[in-house]
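Chemist: please work out how this folds:
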Amino acid sequence: MARTRLSSPMRRLLLRMFGFVVLSSICGVLVAAYLVPQLALAGTTVTRSLTYFNSLPSELAVEPPAQTTKMLTADGKTIATFFAENRVQIPLREMSPYIKDAVVAIEDSRFYGHGGIDPLGLLRALTTNITEGERQGASTITQQYVTNVANEARISAGREEQVILSGQKNIGDKLREMRLAIELEKKFTKERILEGYLNIVFFNRNAYGIEAAAQYYYSIPASKLNLPQAALLAGLVNSPSAYDPVTSPENAIQRRNQVLGAMLEQGKITQKEHDDAVVADVGLKIRPSNQGCAAAVMAPYFCGYVAQLILNNPAYGAAIEAREQKLRRGGLTITTTLDSRLQAAAQVQVNATAGANPTKWGASLVTIQPGTGKILAMAQNTVFLPQKGKFDTQLNFNVDSKDANGNDLNGVGGFQPGSTMKPFTFAQWLHEGNKITQVVDASRREYRLGFNWRSSCGKILGAYSSTQRRAGLEASEDLQNNSGEFYRSMPADYGLYNSINTATFAEAAQLDFCGIQKMVDAVGIHSGLDGSRTNMHQLGNILGGTAVAPLHMANAFATFAADGRYCEPFAILRVNDIAKRTLPAQKPSCKATVDREVARGVNSVLQDVMKKGSGVHIKPKIKNGMPIAAKTGTNNSNGATWVVGYTTGLATASFFGDTMEGQKRPGRNLTINGKRYDRIDGYMLAGPQWSTYMNKVAGLYPTKAFPKPPASMIGK
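Modeler: Next up is the predicted model:
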C-alpha cells in the first residue's frame with residue numbers, strides 16, 4: 001500500500017500537537033521511560049509525576065561566571081592575568097555570527113522554536129536509546145546553560161565536589177534541569193540565553209567561554225572568527241578532549257565538517273561556503289593562557305606585591321579564601337601606578353648590571369614619584385620560576401617582608417642601608433638650628449661608654465633605663481673612615497657629601513637622639529623585617545645597621561625631593577569589578593613631615609655628592625643637565641651597596657649586593673660581569689645602575705631646580 005505523504009503545514013501542526021502532549025506529560029511515562037525505563041514499568045503515573053515536576057525549584061540565580069582578573073599598568077599595558085577559569089565575558093554583538101549559527105546548528109537546531117526543552121529531541125533520544133541501546137542526551141542549549149550556571153555557583157561557593165557532569169545526572173537532576181530551563185525561557189530572551197551560554201561553556205582547560213577559546217586557539221577575538229574556525233570551536237563543546245585540534249586534529253576536522261554539514265542543511269551557509277570551509281586547514285595559532293605573577297608580561301615582583309595587597313585587604317573578603325576567590329574569579333580590573341616605560345628601562349638595567357651572574361648577586365631598582373607616593377617602577381635581576389642558568393627567587397628585593405599588621409608581603413625584608421642613612425641625622429642637625437657649613441670635629445673616633453648622648457624623650461621602645469641614658473646609649477670605640485685624611489675638623493656639608501662617618505657622629509653627639517628618631521620616623525624609615533621603628537638610640541643605626549627595604553629608602557628621599565612632604569608609597573590606582581563598579585583601592589596619603597627649609601638644606605648638600613663627593617666617580621650624565629641629588633651607601637661587609645638619588649620628579653633607590661641567606665656574604669674579592677673587585681662600594685655598581693637608568697627616564701617626568709635653602713641656614 002502506498003504511504004500518504006503529509007504536507008509541511010500538517011506535519012508542523014502534528015509536531016506542535018505532539019510537543020504539547022510531551023510537555024504536558026514530561027514528568028510522566030515518557031521521561032521515566034527515557035531516563036529510567038524500569039520506573040515506567042513499575043506504574044509511575046503521569047499525574048504524580050506532574051505534581052513532582054511542579055514542586056521542583058523554578059528559580060535559578062544567574063550570576064556572572066568566573067571572570068579573568070587583569071592587572072594593568074597606569075598607561076593601560078597588561079602586567080598579568082589571574083583566573084581559576086580563563087574567561088572573558090563579552091556581549092553577543094561582539095561574537096562572530098558564524099559561532100552563533102554553528103553552535104545552534106550542532107547543539108540545538110530548534111533553539112529558537114522551543115520553550116526550554118525540545119520534545120522532538122527527547123523523542124529522538126528516547127527512540128535511539130530504546131532501539132539502539134545507546135545513551136543519548138537531549139539537553140537543549142538552555143538546559144546546558146542551566147547546568148553550567150548551577151555548577152559555577154557550586155564552584156564559587158567552594159563546593160567543587162557537588163559539580164554534576166552530563167554523564168552523572170540522575171532522574172532528579174534531569175528533571176530539575178528541565179524545570180529550570182522552562183522557567184529561564186520565561187525570563188530571558190533567546191539572545192540573552194545564547195550569550196550567557198557562549199560565555200560560560202567549557203572549550204578547554206585553558207579556555208572557558210568563546211572569547212577565551214578564540215584567543216587561545218587562534219589568537220584573535222571572538223568577533224573575528226571565520227566560518228571554519230567557528231565551526232571547529234562549536235564542535236568542541238560536545239567533547240573538548242575528543243575533538244581538541246591540538247591533540248586530535250583528525251577528530252577535530254571530522255567534527256568541524258559535521259558542524260558545517262549541519263549549518264548547510266539548516267540553510268545557515270551556502271553550498272560554496274560549506275565547500276570552501278571543509279577543505280580549510282585547522283590553522284591554529286595557540287596563545288598560552290598562563291596566569292598569575294609567575295607568567296606576568298612584565299614586573300612579576302611588582303605584580304606579586306600588588307596581589308599581596310589585595311589578599312591582605314579585608315575589603316575583598318573577610319577571610320583569605322574569599323579574597324583568593326575575588327582575585328581569581330572576580331573579573332577585576334586592577335589598575336596600578338606602574339609606568340611601563342620606566343619599568344622596561346629598569347628591568348634592562350638590573351639585568352645588565354650583574355650580567356650572567358653565576359654567583360647570584362642581586363641588583364634592584366625602585367622608583368617613587370615625589371609628592372604622590374606612586375610606585376612607578378620595581379625591578380630586580382632574577383626570574384620568578386627556575387630557569388637554567390638564571391638566578392631565580394620568588395622573594396621581592398624591594399619590599400618589606402611583612403606589612404604593619406604582620407601580613408606577608410613576600411619581600412626579602414630589606415638590606416643594611418649604610419651611609420644612605422646619614423642625611424637623616426644631617427636633617428635633624430639643620431632642624432635643631434645648626435648651619436649647613438658649620439664646622440664639626442670629625443677627628444674624634446671614640447665615644448666611650450658613659451659619653452653624654454642627649455635623649456629628651458625618656459625610655460625609647462622600652463630599651464633603656466634612666467641610668468643607661470645618663471651613662472650613654474652605647475659605646476663606639478673605633479669609628480672608621482675610608483681614608484685617613486678625613487680625621488679632622490670639617491664643615492658639616494663636606495662631611496655629608498663625602499660620607500665621613502666621624503663627621504656624622506660629631507653631629508649626632510650634639511643632637512637630641514629623640515629628634516633623630518622623629519626625623520627617621522617622619523620619612524617612613526622602618527625595619528624591613530617586621531615593620532617596627534628603626535631604633536635610632538642604637539648607635540649602629542646612625543650608619544645604617546638595621547635593614548630597610550629599597551622601596552622605603554626611595555620614598556624617604558622622595559620626601560626631601562617634595563619639599564618635606566611625605567607620601568605613603570602606593571601601588572593601586574583603582575579596582576573595578578566586572579560591572580564597572582569601583583572597589584576599594586589605595587589613595588594618596590600625604591602630609592608635611594619635614595620642615596620645608598630643612599628639606600631644601602638637605603637637597604642643597606646632596607647635589608654635591610656626584611659633583612665632588614662620594615659619588616664623583618659615577619659621573620652621571622643626566623639629560624639636559626637637570627639637577628640631581630643623591631647619597632651613596634655601603635654596609636660594613638660591603639655586601640650591601642646603594643645609591644639613592646632623585647630629581648624633583650623621580651626618586652630611585654638602586655641596590656647591588658648579597659640578597660641570599662640574610663645577606664651574610666661580604667662583597668669582597670668577587671667578579672661581576674667580567675670585572676674583578678677587591679671590594680664593592682656604592683659608587684661602583686649601584687651607582688652606574690642608577691645613573692644609566694635615570695638618564696633614560698628622568699626626562700619623562702617634569703623636573704625643575706631644587707629650591708635653595710635660606711641664606712641664614714648656610715652659615716659662613
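
Chemist: helix, strand, or coil at Thr652?
Modeler: For Thr652, the assignment made with DSSP: H, G, I helix; E, B strand; the rest coil gives strand.

Chemist: run a quick neighbour tally on the nearest residue to it once chain neighbours are set aside.
Modeler: Nearest in space to Thr652, with sequence neighbours left out and distances taken as C-beta to C-beta, 6 or more residues apart in numbering, is Thr367 at 4.5 Å. For every residue, glycine as well, the C-beta is placed using N, CA and C. Using other C-beta atoms under 10 Å, Thr367 has 30 neighbouring residues.

Chemist: can you confirm Thr367 is in a strand?
Modeler: Yes. Assessed with three-state DSSP, Thr367 lies in a strand.

Chemist: separation between it and Ala571?
Modeler: From Thr367 across to Ala571, the span is 12 Å (C-beta to C-beta, to the nearest Å).

Chemist: which neighbours do those two have in common?
Modeler: Listed as contacting both Thr367 and Ala571 by C-beta atoms under 8 Å, 6 or more residues apart in numbering are Ile375.

Chemist: who's the residue nearest to Thr652 bridged to?
Modeler: Beta-bridge partners recorded for Thr367 (DSSP bridges): Ala377, Thr652.

Chemist: identify the residues contacting it.
Modeler: Counting by C-beta under 8 Å, 6+ apart, the residues that Thr367 touches are 342, 346, 375-378, 554, 650-652, 697.

Chemist: ok, and the most crowded of those?
Modeler: Most neighbours among the contacts of Thr367, by other C-beta under 10 Å: Met378, with 32 neighbours.

Chemist: which element is the residue nearest to that one when sequence neighbours are not counted on?
Modeler: Distances taken as C-beta to C-beta, 6+ apart place Phe302 nearest to Met378, at 4.1 Å, with adjacent residues excluded. Using DSSP states H and E, Phe302 sits within helix 300-311.

Chemist: what mean pLDDT does that helix have?
Modeler: On average, the pLDDT along helix 300-311 is 97.

Chemist: contacts for that helix, please.
Modeler: Helix 300-311 has contacts (C-beta under 8 Å, 6+ apart) with 71, 79-80, 82, 293-294, 296, 316, 320, 323-324, 326-327, 334, 336, 338, 343, 375, 378-380, 384, 394, 396-399, 407-411, 571-572, 575, 586.

Chemist: I figured Ala296 hits Ile79, correct?
Modeler: Yes. At 5.6 Å, Ala296 counts as touching Ile79 under the criterion of C-beta atoms under 8 Å.

Chemist: end to end, how far does stretch 426-435 reach?
Modeler: With C-alpha to C-alpha, to the nearest Å as the measure, stretch 426-435 spans 10 Å from end to end.

Chemist: same question for stretch 622-642.
Modeler: The first and final residues of stretch 622-642 sit 18 Å from each other (C-alpha to C-alpha).

Chemist: that older thread, which SSE is immediately downstream of the helix holding Phe302?
Modeler: With elements assigned by DSSP H and E, the helix or strand that comes after helix 300-311 is helix 320-329.

Chemist: tell me which other helices or strands the next helix-or-strand element following that next one touches.
Modeler: Where DSSP H and E defines the elements, the next helix or strand beyond helix 320-329 is strand 333-336. Using 3 or more C-beta pairs under 8 Å, 6 or more residues apart in numbering; DSSP states H and E, the elements in contact with strand 333-336 are strand 69-72, helix 300-311, strand 572-576.
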